[in-house]
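In: Kindly generate the corresponding structure for this input.
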Amino acid sequence: MRSHKSDQSGGRPRSTVRQSLRVLVLLFAMVAGTLPWTGAAQAHGTIINPASRAYQCWKTWGNQHTNPAMQQQDPMCWRAFQANPDTMWNWMSQLRDGLGGQYEARTPDGQLCSNALSRNDAVNQPGAWKATTVGRSFTVQLYDQASHGADYFRVYVTKPGFNPATQKVGWGNLDLITTTGRYAPAQNISFNVSVSGRTGSHVLFVIWRASHLDQTYMWCSDINIT
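Out: Alright, predicted model coming up:
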């Protein structure tokens, strides 16, 4: 019978080491199988220009989210990170399934910016959100990691007199300004909008109906119209 040889340092036999490694690999696979899957089905996108609230916070502070300067320099992002950092880390996954186009009926006033997702409620809160300066006509840009395309986008802007520093966004605060056609799958999609008749601080609200499934995304982007 062939004996098991130990290594030169007097450690365990090689067959024992190999068996231990197989056990570790099996245990890792079992643990991995219990973790939530966050693959392509959840990897979508957001409006990157004018930046949606969660994306703006992630882009500005993602690499320094523990920086105490955020509390003074960008208080709304600081509050959002305190409430739930996952809102920013998963800026590409603000979706709901199966709405069937019933956006107003199934999205309460004051919850539009979070797409009625309680985990993202921080982005519903009024305050001094950082705004993108735009003219009365500008281009909206979507970045979609998974290139699912769009059945359409519906684009709204807050009515004259709305104050994003003190008011949550509700359906009665919005005017529909654009409904687009379909877009083929692509990572980058852009379209033009006009917000004539308004100046100063407003909120741009965008609904994206993705093409591959009945998946709906909603976001708020803060804008300063000049």
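In: Spatially central residue for the protein, please.
Out: Nearest to the geometric centre of the chain sits Trp91, at 2.2 Å (C-alpha atoms, centre = their mean).
In: Could you grab the helix/strand/coil label for that residue?
Out: Of the three states, Trp91 takes coil under DSSP: H, G, I helix; E, B strand; the rest coil.
In: dump the residue contacts of it.
Out: Contacts for Trp91 were tallied using C-beta atoms under 8 Å, 6 or more residues apart in numbering; they are Thr46, Ser52, Ala54, Tyr55, Trp58. C-beta: built from backbone N, CA, C; applies to glycine.
In: Just those residues: which are in helices?
Out: Judged by DSSP state H, these include Ala54, Tyr55, Trp58 as members of helices.
In: ok, for the first one, nearest residue in space, not its chain neighbours?
Out: What it means is Ala54. Setting aside the residues directly before and after it, Ala54 is nearest to Trp91 in space (C-beta to C-beta, 6 or more residues apart in numbering), at 4.4 Å.
In: Give me the phi and psi angles of the one you found.
Out: The phi and psi torsions at Trp91 (degrees, to the nearest 10) take the values phi -60, psi -20.
In: Which secondary structure state does the residue nearest to Val195 when sequence neighbours are not counted sit in?
Out: Distances taken as C-beta to C-beta, 6+ apart put Val157 closest to Val195, at 4.9 Å, once the chain neighbours are dropped. Per three-state DSSP, the secondary structure class of Val157 is strand.
In: what bridges to Val157?
Out: Assessed by DSSP bridges, Val157 has beta-bridge partners Asp175, Leu204.
In: Check the gap between it and Ala131 for me.
Out: Val157 is 13 Å from Ala131, where distance means C-beta to C-beta, to the nearest Å.
In: Please apply the same query to Asp109.
Out: Distance from Asp109 to Ala131, by C-beta to C-beta: 22 Å.
In: Looking at the two, which is more packed in?
Out: Ala131 (20 against 13; other C-beta atoms under 10 Å).
In: Next one, pLDDT for that one please.
Out: pLDDT, Ala131: 98.
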